[in-house]
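Asker: Kindly generate the corresponding structure for this input.
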Amino acid sequence: MRVLVAPLNARIGGTQINAVDLGAAVRDLGHEVLVYAEEGPLDELIAGRGLPKVVAATPAQRVRGTRAARELHAAVVRERIDLVHAYERARAVQAYVGAFLRTGTPVVATIYSMSVPRDLPRDLPIVVGTRELLASARERDMDAVDLLEPPVDTRSDHPGVSGSAFRLDLGIGADELAVVVVSRLSEVLKLQGLLGAIDAVEVLATEFPVRLVIVGDGPARDRVGERAESANERTGRTVAMMTGFMQDPRPAYAAADVVLGMGSSALRGMALGKPLVVLGEGGFSEVFDPTSATRFFEIGMYGFADEAEPDRLAGQLRRLLGDAELRGELGRYSRSVAEERYGLEAAASALDGIYRRVAARRAGLLARIAHGARAGARLLRSRATRRTAPAPGRAGRKPSEW
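Answerer: Next up, the predicted model:
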């Protein structure tokens, strides 16, 4: 089967990495896989996985993506695609219109955002990343919904990766403790947790030889940098540092004594055998351990606090930084969960089954016309609703990719 994998954009992010890694793993199961994306930082990962690239000229998130849908349709016809796997809402709708409605090419959409968009066509087969979203989608009578938790490549991300050179380059001594967060520096979802991490490490700087290392880039870079500089000035030493974007952040994870993160970033820290504190919105933070794991299996590596507790993260880090034996125990637990629950090979096998099932359900022209009419009405109703009352995500903000 010739499969066109269409991530939302060409930035380096958890969902985009998942799209490419799963594409390569499904390729290894015998499919021909091409990646459809704009030019950008993701190109290096695509090339490294040995996947052919089809350049998307128009970004998926362009307002009223009619042109993007036409371009995707042209790529499907030109490349003789048998199935399109689109990631997140904008690319999913464009694939539905440009591939399924126009040519009958089957489409699967993965939604790894914090909520399932209400204007998705009900007949569009979707894949979600948590049991919570699975239940939500089924309550809305989506025709075909599958659960596939975001995977991690446990062969590439493993405890044997060395972080020594990374620590040496940053001047982090063997007697110092490194708290590492690898994240897109985004105003949505990420910022509150990043600022909270800086504040927590500043509080702990008088108790431990601790450094916070923030790896990543994005629109909130200046705000995060200003908070880090202020913390460093107040403590009289460098307690928070920023490295910028890293194409391969494995050495940063490996250098950590404790990892902070959410979504796929949290999973990568787990795969490298690190104790993890899961971050979220509203000041949420929680140590990943056997008592909290069930919650994260339900909602994903994320959380939301109705009321911020400013000292909560500092207390969690104090417990971990002060107990090397506990860090080792939780690091081993993290790795075992990553291997048993989030392995890439098992996810690729499940996805192969989804592809085969969806590909077998081809719709004729009359059925596609009926589907298109219903989907168009749904999109128009959603657009009208957003004009009068924008649909919030958790914490009252627009859902975003991890």
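Asker: now the helices for the stretch 301-402 of the chain?
Answerer: 312-321, 324-341, 344-359, 365-388 (DSSP state H, counting those that start in this stretch).
Asker: Check these for me: which has the lowest mean pLDDT.
Answerer: In terms of mean pLDDT, the lowest-scoring of the helices of the stretch 301-402 of the chain is helix 365-388 (a mean of 57).
Asker: Output the below-cut-off pLDDT ranges for this structure.
Answerer: 62-65, 308, 363-402 (pLDDT under 70).
Asker: Let's see that with 50 instead.
Answerer: Where the chain drops to pLDDT under 50, the residues are 387-402.
Asker: which residues in it form strands?
Answerer: Remark: strands assigned in the chain by DSSP state E are 2-6, 32-37, 53-55, 83-87, 107-111, 126-128, 145-147, 177-182, 210-215, 240-244, 258-261, 276-279, 285-287.
Asker: Parallel or antiparallel, which strands does the fourth one pair with?
Answerer: In the sheet containing strand 83-87, the strands it pairs with under DSSP bridges are strand 2-6 (parallel), strand 107-111 (parallel).
Asker: right, so the ones you listed: which one is the most enclosed?
Answerer: For the strands paired with strand 83-87, the largest average neighbour count (mean count of other C-beta atoms under 10 Å) is found in strand 107-111, namely a mean of 26. For glycine as for every other residue, the C-beta is placed from the backbone atoms N, C-alpha and C.
Asker: quick revisit: nearest to Leu189 among the strands paired with strand 83-87 would be which one?
Answerer: Nearest of the strands paired with strand 83-87 to Leu189, taken as C-beta to C-beta: strand 107-111 at 15.2 Å.
Asker: who's in contact with the closest one?
Answerer: With contact meaning C-beta atoms under 8 Å, 6 or more residues apart in numbering, strand 107-111 is reached by 15, 18-19, 83-89, 91-92, 95-96, 99-100, 117, 120, 124-129, 133, 148, 354-355, 358.
Asker: one more time with 7 Å, if that's ok
Answerer: The contact list for strand 107-111 (C-beta atoms under 7 Å, 6 or more residues apart in numbering) reads 83-88, 92, 95-96, 99-100, 124-128, 354-355, 358.
Asker: Please write out the alpha-carbon positions of stretch 181-198 in PDB.
Answerer: Listed next in PDB are the C-alpha coordinates belonging to stretch 181-198 (Å, rounded to 0.1, in the frame of the first residue of the first chain):
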ATOM      1  CA  VAL A 181      12.900  20.000  30.100                       C
ATOM      2  CA  VAL A 182      12.800  19.600  26.400                       C
ATOM      3  CA  SER A 183       9.900  21.600  25.000                       C
ATOM      4  CA  ARG A 184       8.600  23.900  22.300                       C
ATOM      5  CA  LEU A 185       8.600  27.300  24.000                       C
ATOM      6  CA  SER A 186       4.900  28.000  23.200                       C
ATOM      7  CA  GLU A 187       2.500  30.400  24.900                       C
ATOM      8  CA  VAL A 188      -0.200  27.800  24.700                       C
ATOM      9  CA  LEU A 189       0.000  24.700  27.000                       C
ATOM     10  CA  LYS A 190       3.800  25.100  27.700                       C
ATOM     11  CA  LEU A 191       4.500  28.500  29.100                       C
ATOM     12  CA  GLN A 192       3.100  28.300  32.600                       C
ATOM     13  CA  GLY A 193       4.900  25.000  33.300                       C
ATOM     14  CA  LEU A 194       8.200  26.400  32.000                       C
ATOM     15  CA  LEU A 195       7.900  29.600  34.200                       C
ATOM     16  CA  GLY A 196       6.900  27.400  37.100                       C
ATOM     17  CA  ALA A 197      10.000  25.200  36.700                       C
ATOM     18  CA  ILE A 198      12.300  28.300  36.800                       C
END
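Asker: going forward, begin numbering at 5 instead of 1
Answerer: Understood, numbering begins at 5; the last thing we discussed is stretch 185-202.
Asker: now that stretch: how far from the chain's centre is it?
Answerer: Its chain's average C-alpha position is 14 Å from that of stretch 185-202, according to C-alpha atoms, centre = their mean, to the nearest Å.
Asker: So which residues make contact with that stretch?
Answerer: With contacts defined as C-beta under 7 Å, 6+ apart, stretch 185-202 is touched by 17, 216, 218-225, 227-228, 231-232, 235, 244, 253, 256-257, 264-265, 269, 283-285, 287, 317, 401-402, 404.
Asker: Would you agree Leu181 is in contact with Pro279?
Answerer: No. Look at Leu181 against Pro279 with C-beta atoms under 7 Å: they stay out of range, at 11.4 Å.
Asker: give the contact list for Glu83.
Answerer: Applying C-beta under 7 Å, 6+ apart to Glu83 gives the contacts Arg6, Leu8, Leu38, Val58.
Asker: next one: phi and psi at it?
Answerer: Main-chain dihedrals, Glu83, degrees, to the nearest 10: phi -90, psi 0.
Asker: Distance check, it against His77.
Answerer: 11 Å (C-beta to C-beta, to the nearest Å).
Asker: do the same with Glu311
Answerer: 48 Å.
Asker: The two: which has the busier surroundings?
Answerer: Comparing Glu311 with His77 by other C-beta atoms under 10 Å, the one with more neighbours is His77, at 21 against 6.
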